[in-house]
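# Structure for the following, please:
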Amino acid sequence: MSRRHYAVSLQQASQESPTLARLTALTRESSERLKAIETLIPAGLRATIQAGPIDGDSWCLLVRSNSAAAKLRQLAPALQAHLRSRGWEVNAIRLKVQT
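Prediction:
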């Protein structure tokens, strides 16, 4: 049996694999969620936050410092309400401090 090796783009690979397609969709949605709440986050904190994984109705934000995480914990109820008003079912926002 002759096997041909050829390069495929990430987009093509994700379209051909249901698992990769799901991961790509979740990554895109997580980034969209972060853009949706960006205006609610103080400008000085925006650069310290990255979109993280989505797990059902829970969403994770990756944060660079404990102080930024503390402020986001205070804002979490407002962020969740804003996301729900935009159509995303977010019942919990988890924060993971990156070291």
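
# can you pull out the strands in this protein?
49-55, 58-63, 92-97 (DSSP state E).

# Can you list the strands that the longest one pairs with?
What that stands for is strand 49-55. Strand 49-55 has its sheet partners listed here by DSSP bridges as strand 58-63 (antiparallel).

# Which residues outside the strand it pairs with are in contact with it?
30, 33-34, 48-54, 69, 72, 83, 90-98 (CB atoms under 8 Å, 6 or more residues apart in numbering). (Each C-beta comes from the backbone N, C-alpha and C, glycine too.)

# okay, that strand in CSV with CA atoms only?
Listed next in CSV are the C-alpha coordinates belonging to strand 58-63 (Å, rounded to 0.1, in the frame of the first residue of the first chain):
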residue,chain,number,x,y,z
SER,A,58,-18.3,27.2,33.2
TRP,A,59,-15.7,29.4,31.6
CYS,A,60,-12.1,29.9,32.6
LEU,A,61,-10.0,33.1,32.4
LEU,A,62,-6.3,32.9,32.6
VAL,A,63,-4.9,35.7,34.7
